[in-house]
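Trainee: Sharing a sequence plus its predicted fold:
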Protein chains: 2
Amino acid sequence: MNRRNTPTKEAVLNLLMNSRKALSQDAIERQLDIEINRATIYRVLNRFCEDGIVHKIVAEDGKQYFAICKKCENPQEVIQHHFHFRCLSCDTIECLQVPVECSVPNGYEVQNANCVLTGTCNDCS
Amino acid sequence: MNRRNTPTKEAVLNLLMNSRKALSQDAIERQLDIEINRATIYRVLNRFCEDGIVHKIVAEDGKQYFAICKKCENPQEVIQHHFHFRCLSCDTIECLQVPVECSVPNGYEVQNANCVLTGTCNDCS
DNA sequence: TATTTTATTGCGAATATGTTGCAATAATAC
DNA sequence: GTATTATTGCAACATATTCGCAATAAAATA
């Protein structure tokens, strides 16, 4: 299944790359200049996830948020699981440069992590 | 708004107390002997959350799961934010006795944490 | 005990998020 | 330029959660 370049993919990717935040489907739809169908946005985002370009966070509100994968100060570094911060005041989600280090009990095997802290961010405090 | 004791509340609370896992609304509905309306279960659970008897976890599947608050070896100890583990094999969520310790950047204030690790639990590995 | 107050419940409908099938479109390979 | 098939838009679907409202039933009161 070869990928094709389309205006849609490009627009979504640009938006994510220029955003300091993780974005939900509806935020993306709102912020885009061009009009893109809801289902298409989800499909584009899920494809980005499959390709490892983007990662998905599920917040306390049960919604999916998407963020570009390499945004740390050290872009070469392989992205590992990190904490996310959701500001209740400005209602945004961002990646923290804090890796999730958690010792699980014996016999447990961690494949993925979805960690979101909620509160007030620096801009809003 | 005073609380009243009802068979419904009691049944849900007993179920949660006897369960080693965090339960979703539909799991609760399935496991209950008596029949309770969906909306009612949600309302009971949300009231428990308000009262601090139960805490809510939102998993990667976007669903809400509920667990009794004091289940650690040290029941007197005030419950702090802890990790949860979701086993993809047996599809259950449980509280880990691992506190979430995360140093957030200056100016950030953490009010809540929703941390779920996914993978294979001890029973299934 | 009988009556009143109002928290709780059940029902149906509404809302929201995310996915899927299908036909039409368009990017890429030839 | 033509063929192949990934991508898109649309509508419909699935599921989770909430809400309004009338009926019920705990708890308080007389």
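Mentor: That came in fine, so what should we check first? Numbering: from 1, shown residues only, chains lettered A, B, ... in the order given.

Trainee: Tell me where chain A is predicted with low confidence.
Mentor: Counting by pLDDT under 70, chain A contains low-confidence ranges at A:71-79.

Trainee: May I see the buried residues of stretch A:31-48?
Mentor: The neighbour-count check on stretch A:31-48 (16 or more other C-beta atoms under 10 Å in any protein chain shown) flags A:36, A:41, A:44-45, A:48 as buried. (Each C-beta comes from the backbone N, C-alpha and C, glycine too.)

Trainee: Kindly present those residues as JSON lines, with separate columns for distance to B:Asn122 and secondary structure.
Mentor: Output for those, formatted as JSON lines (distance: C-beta to C-beta, whole Å; DSSP: H, G, I helix; E, B strand; the rest coil):
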{"residue": "A:Ile36", "distance to B:Asn122": "44", "secondary structure": "coil"}
{"residue": "A:Ile41", "distance to B:Asn122": "39", "secondary structure": "helix"}
{"residue": "A:Val44", "distance to B:Asn122": "38", "secondary structure": "helix"}
{"residue": "A:Leu45", "distance to B:Asn122": "34", "secondary structure": "helix"}
{"residue": "A:Phe48", "distance to B:Asn122": "34", "secondary structure": "helix"}
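
Trainee: Columns distance to chain B on top of the residues you listed, output as JSON lines?
Mentor: As requested, the buried residues of stretch A:31-48 are arranged in JSON lines below (distance: C-beta to the nearest C-beta, whole Å):
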{"residue": "A:Ile36", "distance to chain B": "22"}
{"residue": "A:Ile41", "distance to chain B": "17"}
{"residue": "A:Val44", "distance to chain B": "19"}
{"residue": "A:Leu45", "distance to chain B": "15"}
{"residue": "A:Phe48", "distance to chain B": "17"}
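
Trainee: Pull out the CA atoms of stretch A:114-125 and give them to me as CSV.
Mentor: Written as CSV, here are the backbone C-alpha positions of stretch A:114-125 (Å, rounded to 0.1, in the frame of the first residue of the first chain):
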residue,chain,number,x,y,z
ASN,A,114,-0.9,7.0,27.5
CYS,A,115,-0.1,9.5,30.2
VAL,A,116,-1.9,12.8,30.5
LEU,A,117,-1.5,15.2,33.4
THR,A,118,-4.2,17.8,33.8
GLY,A,119,-4.0,21.2,35.4
THR,A,120,-2.8,24.7,34.5
CYS,A,121,0.0,25.4,32.1
ASN,A,122,2.6,28.0,32.4
ASP,A,123,0.8,30.4,30.0
CYS,A,124,-2.3,30.3,32.1
SER,A,125,-1.0,30.3,35.7
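
Trainee: touching DNA strand C at all, that stretch?
Mentor: No: contact of stretch A:114-125 with DNA strand C (C-beta under 7 Å from any atom of the strand) is absent, the minimum separation being 12.4 Å.

Trainee: Contacts made by that stretch with the rest, please.
Mentor: A:57-60, A:81-90, A:92-94, A:96, A:100, B:59-60, B:100, B:102, B:104-118 (C-beta atoms under 8 Å, 6 or more residues apart in numbering or on different chains).

Trainee: of the buried residues of stretch A:31-48, list those near DNA strand D.
Mentor: Among those, DNA strand D is touched by A:36, A:44 when using C-beta under 7 Å from any atom of the strand.

Trainee: want to throw the buried residues of stretch A:31-48 into JSON lines with distance to A:Ser19?
Mentor: Converted to JSON lines, these look like this (distance: C-beta to C-beta, whole Å):
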{"residue": "A:Ile36", "distance to A:Ser19": "16"}
{"residue": "A:Ile41", "distance to A:Ser19": "14"}
{"residue": "A:Val44", "distance to A:Ser19": "15"}
{"residue": "A:Leu45", "distance to A:Ser19": "13"}
{"residue": "A:Phe48", "distance to A:Ser19": "14"}
